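A.B. asks: Sharing a model prediction with you, sequence too.
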Amino acid sequence: MKNRKMKYFGTSIVAIISMLFISCVDDDFSIPTPPDNQEPIEIDGMVIPISSVLGEIAQNDGEVQTLSFTEDTYTEGYVVSSDEGGNFFKELWIQDKPENPTAAIKISLDVSDLFGTFNFGRKVYVKLDGLSVGLDSGNPAIGIANGDRINRIPTGLAEQAVIRDFVVEEIVAKEIDMANLNRDLIGQFVKFPNAQFPAASIESGLSFASEPGDSFDAERTMQDCSSNATVQMGTSTFSDFKGLLLPENAGEIEGVLLRAFADANYLFKINTVEDINFDQERCDPEPLCEGPSGGNDLIFEEDFEGISNLGQLNGWITTNTSGGNLTWVSGNFNDNGYAQVSGFNSSQAYDAWLVTPEIDMSGSSLEEFKLDIEAAFDNGPGLSILITDNFSGDVTTTEWQELEGIEIPQGPSSGFGGFSPAGVENISCLENIRFAFRYQGSDPDGVTTRYHLDNIRIEGVLD
């Protein structure tokens, strides 16, 4: 813990906002530039790092607590969020260092247009005495206690609580892979150096957040070209770029890593579209099979009817390679059977596989693979669909290829999304094949989305 005695002559939120409002009556809104010889502000009190505040939250298991000190106590950080593009609202995210940060936290304020005063990279101090801290949907936050929730600091108190320094630093995004997300990164400004949106999202013309079903933070899946891992990108339906189409290329993207509503999944949010630099070619794999496909003859079908467990299906394999006991099971609703998996309340990590029997397509041509999928209680993508024509007998030693023509739906965060066709995959270049449905995640901190599979079919032309 650092103990620095300083003299306070900082500038308050309301005073600065009022000054800027009076002096800027046109659209050229900018931060006043201090003299070149302006020294950093001095604060009369003790300054503790953000990590110490996070420690207080952890010691109290994330529950809301109001802080009290024997002397004025502050924490300090650098602003990494911006409401200029409308993607953040009445909140500041600050991290402890401009580069290679180790801790970050949200300041919840009942003040809008914060970017005019607390611009990106601005150093700020937060006076902690009398404020409350805790987890807000899994995100560490500073605000005002309202029962077991963190509310926004009202305007009248905010001007005393958050102090703007004259120091503005260049923020260097921390480069990470989507496969390595963890809670220590929450609130930090990060970069995915080689990312893209799925081909199916581009082909369907998805916007950032202006589809009929979008509300509050619309979520779009992003892929990491290096690891093939994914993360949900959140865009506010009040942002000024919500109607733009998702960029079709690949490249770098920078933003703040958060937890989504109800701590459901990781959520990545950009400040503005200028945080996206997709200037590289896409990293999509080559098509599995090229050439014509399609026919009306049924070559293979499984609809999961007339069974009470998947062990009754001849040649099918269920296994969990992580060592846990979670497996795919048979489900039924309204007299409709299906295969089902969910990690919710399992309290374990899982890598659960459902593998079809070998399917002989030597007597047919123009084959296509289809199925129906339902996603429910969605907190992130956890299902992948794979194919092989050389099954070793062990899913971990078999060489698999992911089916790119199949789009796994995103379901509602609460409730069921209903079955829908998941696309079509041309498999006409193969003969003896198996499909695998792989479910990966962990409970309680990872993906627990529930999936139902039905009407698995291969159609083509019989010889």
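C.D. replies: Structure's in. What do you need?

A.B. asks: Only C-alpha atoms from now on, for both contacts and neighbour counts.
C.D. replies: Will do.

A.B. asks: which residues in the stretch 351-463 of the chain form helices?
C.D. replies: Here the stretch 351-463 of the chain has no helices by DSSP state H, counting those that start in this stretch.

A.B. asks: I'd like to know how many residues surround residue 39.
C.D. replies: 11 (other CA atoms under 10 Å).

A.B. asks: ok, it - contacts?
C.D. replies: Residue 39 is in contact with residue 166, counting by CA atoms under 8 Å, 6 or more residues apart in numbering.

A.B. asks: quick one: residue 399 from residue 391, how far?
C.D. replies: 8 Å (CA to CA, to the nearest Å).

A.B. asks: and the two? which has more neighbours close in?
C.D. replies: A direct count of neighbours by other CA under 10 Å for residue 399 and residue 391 places residue 391 higher, at 17 against 14.

A.B. asks: correct me, but the more buried one touches residue 432?
C.D. replies: No: counting by CA atoms under 8 Å, residue 391 stays clear of residue 432, with 9.4 Å between them.

A.B. asks: quick one: the strands in the stretch 151-300 of the chain?
C.D. replies: Assigned by DSSP state E, counting those that start in this stretch, the stretch 151-300 of the chain shows strands spanning 162-168, 174-175, 189-196, 217-224, 230-236, 250-259, 266-269, 276-280, 297-302.

A.B. asks: out of those strands, which comes closest to residue 404?
C.D. replies: Closest to residue 404 of those is strand 217-224 (CA to CA; 12.5 Å).

A.B. asks: Only C-alpha atoms, please: export that closest one in CSV.
C.D. replies: Provided in CSV are the C-alpha atoms of strand 217-224 (Å, rounded to 0.1, in the frame of the first residue of the first chain):
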residue,chain,number,x,y,z
ASP,A,217,-26.5,-4.7,-25.2
ALA,A,218,-26.7,-6.7,-28.4
GLU,A,219,-24.2,-9.6,-28.5
ARG,A,220,-22.3,-10.7,-31.6
THR,A,221,-19.8,-13.6,-31.6
MET,A,222,-16.2,-12.8,-32.5
GLN,A,223,-13.6,-15.5,-33.4
ASP,A,224,-9.9,-15.6,-32.7
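
A.B. asks: what sits up against it?
C.D. replies: For strand 217-224, contacts defined as CA under 8 Å, 6+ apart pick out 177-178, 192, 194-198, 208-209, 229-237.

A.B. asks: quick one: buried residues of it?
C.D. replies: Applying a neighbour-count criterion of 16 or more other CA atoms under 10 Å, one finds 217-224 buried in strand 217-224.

A.B. asks: And stretch 398-406, what's buried?
C.D. replies: Quick answer for stretch 398-406 (16+ other CA under 10 Å): 400, 402-406.

A.B. asks: Distance to residue 112 added to those, as CSV?
C.D. replies: CSV is the format used below for the buried residues of stretch 398-406 (distance: CA to CA, whole Å):
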residue, distance to residue 112
400, 50
402, 45
403, 45
404, 42
405, 43
406, 42
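
A.B. asks: Please tabulate the strands of the stretch 151-300 of the chain in CSV, including the columns mean pLDDT and distance to residue 357.
C.D. replies: Below are the strands of the stretch 151-300 of the chain laid out as CSV (pLDDT from 0 to 100; distance: least, CA to CA, whole Å):
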stretch, mean pLDDT, distance to residue 357
strand 162-168, 96, 61
strand 174-175, 98, 42
strand 189-196, 98, 34
strand 217-224, 92, 30
strand 230-236, 94, 29
strand 250-259, 98, 37
strand 266-269, 96, 35
strand 276-280, 98, 40
strand 297-302, 98, 11
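
A.B. asks: of all these, which lies closest to residue 117?
C.D. replies: Short answer: strand 162-168, nearest of those by CA to CA, at 7.7 Å.

A.B. asks: Alpha carbons of that closest one, as CSV, please.
C.D. replies: The C-alpha trace of strand 162-168 is given here as CSV (Å, rounded to 0.1, in the frame of the first residue of the first chain):
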residue,chain,number,x,y,z
VAL,A,162,-14.0,11.8,-8.7
ILE,A,163,-11.1,14.1,-9.3
ARG,A,164,-9.6,14.8,-12.7
ASP,A,165,-5.9,15.1,-13.0
PHE,A,166,-4.2,17.1,-15.7
VAL,A,167,-2.2,14.0,-16.7
VAL,A,168,-3.3,12.1,-19.9
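
A.B. asks: chain center to it: distance?
C.D. replies: 30 Å (CA atoms, centre = their mean, to the nearest Å).

A.B. asks: Packing partners of that strand?
C.D. replies: When contacts are defined as 3 or more CA pairs under 8 Å, 6 or more residues apart in numbering; DSSP states H and E, strand 162-168 packs onto helix 13-23, strand 122-127.

A.B. asks: just flag whichever of the ones you listed has the lowest average confidence.
C.D. replies: Across the helices and strands packed on strand 162-168, helix 13-23 has the smallest mean pLDDT, namely a mean of 37.

A.B. asks: For the protein, which residues score under the pLDDT cut-off?
C.D. replies: 1-38 (pLDDT under 70).

A.B. asks: list the contacts for residue 339?
C.D. replies: Contacts of residue 339 by CA under 8 Å, 6+ apart are 304, 310, 328-331, 452-454.

A.B. asks: Relative to residue 104, how far out is it?
C.D. replies: 41 Å.

A.B. asks: Residue 115 belongs to a strand, doesn't it?
C.D. replies: No: counting by DSSP: H, G, I helix; E, B strand; the rest coil, residue 115 is located in no strand; its state is helix.

A.B. asks: you'd agree it is up against residue 82?
C.D. replies: Yes: counting by CA under 8 Å, residue 82 is a contact partner of residue 115 at 5.5 Å.

A.B. asks: neighbour count winner among the two?
C.D. replies: The neighbour comparison of residue 115 against residue 82 (other CA under 10 Å) goes to residue 82, with 25 against 18.

A.B. asks: secondary structure class for that one?
C.D. replies: coil.

A.B. asks: so it touches residue 119, yeah?
C.D. replies: Yes: contact criterion CA under 8 Å: residue 82 and residue 119 qualify, at 6.8 Å.

A.B. asks: still on that earlier bit, need the strands of the stretch 151-300 of the chain in JSON lines with distance to residue 76, can you?
C.D. replies: Shown next, in JSON lines, are the strands of the stretch 151-300 of the chain (distance: least, CA to CA, whole Å):
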{"stretch": "strand 162-168", "distance to residue 76": "9"}
{"stretch": "strand 174-175", "distance to residue 76": "19"}
{"stretch": "strand 189-196", "distance to residue 76": "16"}
{"stretch": "strand 217-224", "distance to residue 76": "28"}
{"stretch": "strand 230-236", "distance to residue 76": "27"}
{"stretch": "strand 250-259", "distance to residue 76": "18"}
{"stretch": "strand 266-269", "distance to residue 76": "22"}
{"stretch": "strand 276-280", "distance to residue 76": "28"}
{"stretch": "strand 297-302", "distance to residue 76": "59"}
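
A.B. asks: quick one: which of those is nearest residue 95?
C.D. replies: Across the strands of the stretch 151-300 of the chain (criterion: CA to CA), the nearest stretch is strand 189-196, sitting at 8.0 Å.

A.B. asks: which helices and strands does the closest one pack with?
C.D. replies: strand 174-175, strand 217-224, strand 250-259.
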